[in-house]
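# Take this sequence and fold it.
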Amino acid sequence: MPSDDYPHKLVPPSERYPTWQGKAQEGLLYLGWGARNFSDEAIPVHSNPGWTYWVLLEGNVTIQHRNGSRDFTEGEGLRCGPRYPFGFPLQKGNSIKVLNWIWKDKSEGNECSENEAETVAFSKDQIRMLAALHEQSRILTLDTSANGLATLAHIRSLLDLAFQRARDSQNSSDGQNRVLAARQWMLHNLNKTNPSSSLARFLDISPMTLHRLFINEVGESPGAHFRKLKMEQARNLLRLEGHSVKSVAFDMGYRHPQDFSRAYKKRFGACPKKEQTNS
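As a prediction, this is how the structure comes out:
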């Protein structure tokens, strides 16, 4: 359902909850903080007249949006554009605590489009920093000088940086999990000669994304990492009785033992036969 089917206006909670509203021509339009309880008061799905930064400090809550709903847990945050509709339906549960900023204009550090949203999970240290930034924002609403407005702009940049770091941290965790899955796949397919395309299909990512993932997480290409695992397994096999250089070469996917010997010497500085002599 298009976002234009929902009200495009500020829908604050009842007066019993702390909020602050600015003037439409100023940069900061709205601040919300403290306790909220949606067991007896809902906020209908709507889109805010500005760029929303929302953080759940305590508790669990369900947010309804145009495609359904999402459960938020303590420490998660939402950043969205002025054409992204969401609201809080009636729901059972204890009260929660939130932080909320709504800014009139988009900032350079915000990568969301007008009808998009992103969710992130903040660390405890980041949550403490965000709480301090919100407190400073509330204090600065009393300072209309140029210095006060400049400080608010700086707070906005710190907000964007916090969301960016939280997002990078999540992506890094996802990347680490994918690398672990990729390594397990490699260890079970050491007889392959050029596995990158097959591995990319297994992970359901493009070969370019696979390459970038390994460079970022491991510091080398997937091909180089695969060859390292292959040679390490070959050395382990050569140290066991009953494994000839020829049989290990075939096990590792080499058609010609000479090619295996060259690759082995390049990796370890010695030919595979010497490995068997030393063991």
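# Tell me which residues touch the residue nearest the centre of the chain, please.
What sits nearest the mean C-alpha location of the chain, by C-alpha atoms, centre = their mean, is Gln170, with 3.0 Å. Contact analysis of Gln170 by C-beta atoms under 8 Å, 6 or more residues apart in numbering lists 120-121. For glycine as for every other residue, the C-beta is placed from the backbone atoms N, C-alpha and C.
# a strand runs through it, doesn't it?
No - counting by DSSP: H, G, I helix; E, B strand; the rest coil, Gln170 is located in no strand; its state is helix.
# Can you pull out the low-pLDDT segments for the chain?
Flagging of the chain using pLDDT under 70 yields the residue ranges 1-4, 24-25, 276-279.
# per-domain residue ranges of it.
As assigned by automatic domain parsing, the chain contains the domains 3-150, 189-279.
# Looking at the ones you listed, which is nearest to Leu158?
Among the domains of the chain, domain 3-150 comes nearest to Leu158, with 5.9 Å by C-beta to C-beta.
# chain center to the closest one: distance?
Put simply, domain 3-150 sits 20 Å off its chain's centre (C-alpha atoms, centre = their mean, to the nearest Å).
# all strands for the stretch 51-200 of the chain, in order.
Under the criterion DSSP state E, counting those that start in this stretch, the stretch 51-200 of the chain carries strands at the ranges 51-58, 60-65, 68-73, 76-80, 86-88, 96-103, 117-121.
# Would you format those as JSON lines with distance to Ala42 and mean neighbour count included?
Output for the strands of the stretch 51-200 of the chain, formatted as JSON lines (distance: least, C-beta to C-beta, whole Å; neighbours: other C-beta atoms under 10 Å):
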{"stretch": "strand 51-58", "distance to Ala42": "16", "mean neighbour count": "22"}
{"stretch": "strand 60-65", "distance to Ala42": "9", "mean neighbour count": "18"}
{"stretch": "strand 68-73", "distance to Ala42": "13", "mean neighbour count": "13"}
{"stretch": "strand 76-80", "distance to Ala42": "17", "mean neighbour count": "23"}
{"stretch": "strand 86-88", "distance to Ala42": "6", "mean neighbour count": "21"}
{"stretch": "strand 96-103", "distance to Ala42": "14", "mean neighbour count": "21"}
{"stretch": "strand 117-121", "distance to Ala42": "19", "mean neighbour count": "18"}
